[in-house]
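> Here's a sequence, model it:
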Amino acid sequence: METRNKSENIIGHCKTQKFAARAFSGVVALWPASSRDWAIAMKSELSEIENPNESLRWLAGGIMSLMKAWWNRAIYGWKDGEAEPSSVRTPGPVAFAIAAIALIAFFALPSVHEGVRAVLDAWPPYSNSYLSDYQRMAREAEANHDAKTLAFLSSRMNSLDENARLAKEAVEMDPSLTWIYMRGANLWYAYRQVVQKQGWMQKLVDSDPDNAAPYLAEASIRGSELWMQNNGLPSRQRYENDPVWRGAMEKAFAAPRYDYYYDRAIDLQVSELKAHNLRQPQDVVGHIREYYATGMFEAQRYSNFLINQAKEAQKKGDTATASHLAWGIMQFADRARANLHNEYSRGTADALTLSAAEFLQPLEAAAGHTEVAKLLAIDKETIHRKMATKAPARAENWFRPLDAAGIALHSAGLGVVFFGSSIVFSIVILLAGRFAPALRTTWLYRWGCNCGRFAPAGFAAAVVLMAATFAPYLELVRDYFAGAKDTATIGALIGMSDSFYQLPNAIINPMMRRVFDAYLWLGLLAVVIIVGALFLSRNAFRPRAPRVTAA
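Below you'll find the predicted structure:
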């Protein structure tokens with residue numbers, strides 16, 4: 001039995017040795033010819049190893065050496081038949097061709113050069129560069145009495161006081177622009193004492209008394225004042241018993257129309273963007289959120305108050321008053337929904353309709369109004385289905401996970417800048433080496449050659465990535481300038497804007513979002529830069545010894 005076991009072990013050892021020998025023959029065959037002598041020497045030593053485990057370890061070492069040999073060939077560029085290896089291979093025609101094609105694409109494709117500019121504008125010190133252009137435009141508009149341009153700029157300066165001043169000047173020049181005072185209900189104005197905005201809401205109401213939106217804006221401002229007076233915790237009764245807030249809401253629900261000037265705002269923005277050739281993201285969509293409806297939160301609060309009043313009237317047997325109050329909510333919601341342009345505000349209008357329908361359906365059925373009760377049941381079912389399939393509201397920029405499109409855009413921009421700079425550096429060094437031969441023996445020349453060999457491929461990849469990710473934005477801008485102002489187009493523009501500014505905001509202001517997300521991507525970006533720099537400069541820090549040819 002013992003003899004049999006020894007025989008089996010010997011057979012196993014032989015099989016292992018044969019496998020290692022055949023595999024190492026493949027390693028030798030794949031080895032770069034310029035240094036294959038090393039592989040042959042390693043294989044000859046394999047026959048001296050008797051332990052099968054050691055043979056397998058030797059084979060593993062040979063495979064790793066094979067990978068290192070090809071790495072060194074890629075970096076150092078040793079060629080067959082060289083008496084002395086060159087320190088590094090200079091860029092060949094393929095590298096020059098790739099660089100030339102990528103450079104042509106950079107200037108020829110708007111999706112590339114405009115995309116790179118947009119990415120740069122999202123980061124300091126360029127992120128506020130547009131302000132100087134806006135200030136120049138404001139001075140020219142004041143000199144030319146251009147009310148439309150002043151109205152356009154009245155939401156774009158870096159000061160609320162300056163914005164308010166320009167808005168006031170625009171309306172004084174052209175009273176038809178009074179609707180821009182709707183911005184006075186913006187929370188930034190409501191929470192700050194901006195002297196120039198005093199009287200805005202009254203002028204807005206006087207200019208458009210049949211519109212619910214100015215009254216909602218007035219109620220929103222009063223609600224903000226109550227919120228501040230009570231340290232952010234005003235009671236429900238505090239709103240309902242406040243004569244200013246309640247009076248504004250009564251007028252809003254009684255007004256025959258609802259128009260928060262969405263169409264006028266979009267038309268003004270598009271005409272001015274075209275007139276001044278402004279197409280960058282910070283110009284096109286930087287202030288588009290201001291055109292969302294104002295006061296719908298107040299409308300929801302007031303509708304709850306009316307429903308409670310209707311229930312009290314019903315308990316007292318006054319069904320006529322109860323029905324009148326609930327139908328008032330339904331009618332306001334219908335007027336508002338027909339003129340709202342974003343899903344959040346439409347969802348608020350649907351909630352108003354649902355609360356009123358749930359109260360009215362049994363009331364109308366009890367009154368014998370069967371058809372009306374059926375229609376109310378259909379409204380309820382439709383809204384319930386819509387709410388069940390509705391996507392969750394889009395969180396604000398700083399609360400959402402980092403966007404893949406934004407990461408791709410900024411990665412492409414970084415690649416274009418980094419690899420483009422490497423190409424320029426390589427060209428300068430190579431030209432200098434032609435006139436200063438002593439430079440060719442320095443680490444600087446070796447680094448420049450490596451940049452020239454590998455940077456064009458990285459530059460081309462960054463150009464392709466930028467073209468693919470920025471082209472959809474240009475398509476959206478073309479549609480927007482052509483007159484598209486539907487919810488889908490505006491939402492897509494805002495999403496693209498978030499993609500541009502989300503990553504810079506996360507890195508510059510990490511406490512505004514989850515710190516882990518911000519520094520995770522910042523760390524990965526640093527790793528990529530370090531690895532790329534080491535790849536290009538490895539031979540500069542670790543010069544290779546001259547190759548020794550086997551005898």
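
> neighbours around Ala143, how many?
Ala143 is flanked by 8 other residues according to other Cβ atoms under 10 Å. Quick note: C-beta positions are derived from backbone N, CA and C, even for glycine.

> meant to ask about Asn144
The number of residues packed around Asn144, counting by other Cβ under 10 Å, is 10.

> Then the one 4 residues further on?
Lys148 sits with 17 neighbouring residues when counted by other Cβ under 10 Å.

> what's the answer for the one 5 residues further on, then?
The burial count assigned to Leu153 is 22, neighbours taken as other Cβ under 10 Å.

> Distance-wise, check it relative to Ala482.
Taking Cβ to Cβ, to the nearest Å as the criterion, Leu153 is separated from Ala482 by 24 Å.

> In the stretch 1-150 of the chain, where is pLDDT below threshold?
Across the stretch 1-150 of the chain, the stretches falling below the confidence threshold (pLDDT under 70) are 1-14, 71-88, 127.

> please redo it, this time with the cut-off set to 90
Residues of the stretch 1-150 of the chain meeting the criterion pLDDT under 90: 1-96, 117-133.

> If we go by neighbour counts, what in the longest helix anywhere in the chain is buried?
Ranked by residue count and defined by DSSP state H, the top helix of the chain is helix 443-481. Across helix 443-481, burial judged by 16 or more other Cβ atoms under 10 Å covers 444-456, 458-467, 469-470, 473-474, 476-477, 479-480.

> elements contacting that helix?
Under the contact criterion of 3 or more Cβ pairs under 8 Å, 6 or more residues apart in numbering; DSSP states H and E, the helices and strands touching helix 443-481 comprise helix 93-108, helix 110-121, helix 262-275, helix 281-284, helix 404-435, helix 487-508, helix 515-541.

> hey, least reliable of these by pLDDT?
Taking each of these in turn, the lowest mean pLDDT turns up on helix 515-541, with a mean of 61.

> that's a helix at Leu306, yeah?
Yes: under the criterion used here (DSSP: H, G, I helix; E, B strand; the rest coil), Leu306 sits inside a helix.

> Leaving out chain neighbours, which residue sits closest to it?
Using Cβ to Cβ, 6 or more residues apart in numbering and skipping the chain neighbours, the partner closest in space to Leu306 is Leu325 (4.8 Å).

> which residues does the one you found contact?
306-307, 309-310, 313 (Cβ atoms under 8 Å, 6 or more residues apart in numbering).

> so it is in which element?
helix 319-337 (DSSP states H and E).

> could you give the angle of whatever helix or strand comes next after that helix to helix 319-337?
Secondary structure here is assigned by DSSP H and E; on that basis, the next helix or strand after helix 319-337 toward the C-terminus is helix 343-366. Angle of helix 343-366 versus helix 319-337, following axes from the mean of the first three to the mean of the last three Cα atoms, to 10 degrees, is 150 degrees.

> What mean pLDDT does helix 343-366 get?
The predicted model gives helix 343-366 an average pLDDT of 89.

> Give me the below-cutoff pLDDT ranges for the stretch 201-350 of the chain.
For the stretch 201-350 of the chain, applying pLDDT under 90 flags the ranges 201-202, 217-242, 260-263, 265-267, 269, 277-298, 337-348.

> quick one on the thing from earlier: tell me which of the helices and strands packed on helix 443-481 approaches Gln331 most closely.
Across the helices and strands packed on helix 443-481, the minimum distance to Gln331, taken as Cβ to Cβ, is reached by helix 262-275, at 20.6 Å.

> Name the residues of the closest one that are buried.
Judged by neighbour count using 16+ other Cβ under 10 Å, the buried positions of helix 262-275 are 262, 264-266, 268-270, 272-273.

> okay if I get these as CSV plus distance to Thr489?
Formatted as CSV, the buried residues of helix 262-275 follow (distance: Cβ to Cβ, whole Å):
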residue, distance to Thr489
Tyr262, 13
Arg264, 17
Ala265, 14
Ile266, 10
Leu268, 17
Gln269, 13
Val270, 11
Glu272, 18
Leu273, 14
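
> between those residues, which is closest to Thr382?
Tyr262 (24.2 Å).

> how does the chain divide into domains?
For the chain, the structural domains run 2-76, 400-541, going by automatic domain parsing.

> Of the ones you listed, flag the one that's most buried.
Mean neighbour counts were compared across the domains of the chain using mean count of other Cβ atoms under 10 Å; the top stretch is domain 400-541, at a mean of 18.

> How far off centre is that domain?
15 Å (Cα atoms, centre = their mean, to the nearest Å).

> now do stretch 249-261
35 Å.

> end-to-end on it?
The first residue of stretch 249-261 is 19 Å away from its last residue (Cα to Cα, to the nearest Å).

> from the contacts of Leu325, which would you call buried?
The neighbour count (16+ other Cβ under 10 Å) marks 306-307, 310, 313 as buried among these.

> how about those residues in JSON lines, adding distance to Ala388?
Rendered in JSON lines, the data for those read as follows (distance: Cβ to Cβ, whole Å):
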{"residue": "Leu306", "distance to Ala388": "26"}
{"residue": "Ile307", "distance to Ala388": "23"}
{"residue": "Ala310", "distance to Ala388": "27"}
{"residue": "Ala313", "distance to Ala388": "32"}
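
> tell me the contacts of Phe305?
Going by Cβ under 8 Å, 6+ apart, the list of residues near Phe305 reads 236, 239-240.

> Return the closest of those residues with respect to Asn53.
For Asn53, the nearest member of these is Arg236. The distance, counting by Cβ to Cβ, is 79.8 Å.

> Leaving out chain neighbours, which residue sits closest to Ile98?
In this structure, Ile98 finds its nearest non-sequential neighbour in Pro456, 4.1 Å apart by Cβ to Cβ, 6+ apart.

> same question, Ala275
If you skip the residues right next to it in sequence, Ala275 has Thr149 as its closest partner in space, 7.7 Å away by Cβ to Cβ, 6+ apart.

> go on, Gly483?
Distance criterion Cβ to Cβ, 6+ apart; nearest residue to Gly483, sequence neighbours excluded, is Val270 at 7.6 Å.

> and what of Val285?
Take Val285 and drop its neighbours on the chain: the residue closest to it by Cβ to Cβ, 6+ apart is Ser497, 4.1 Å away.

> Just to check, that neighbour is in contact with Pro281?
Yes: proximity of Ser497 to Pro281 meets the contact threshold set by Cβ atoms under 8 Å, at 5.3 Å.

> Which residues are in contact with each of these two?
Among the neighbours of Ser497, none is also in contact with Pro281 (Cβ under 8 Å, 6+ apart).

> List the residues that contact the residue nearest to Ile98.
Applying Cβ under 8 Å, 6+ apart, one finds that Pro456 lies in contact with 91, 95-96, 98-99, 102, 419, 423.

> just the buried members of these?
Judged by 16+ other Cβ under 10 Å, buried ones among the contacts of Pro456: 91, 95, 98-99, 102, 419, 423.

> List just the nearest of those residues to Lys197.
The closest of the buried ones among the contacts of Pro456, once distances to Lys197 are taken by Cβ to Cβ, is Phe419, at 49.4 Å.
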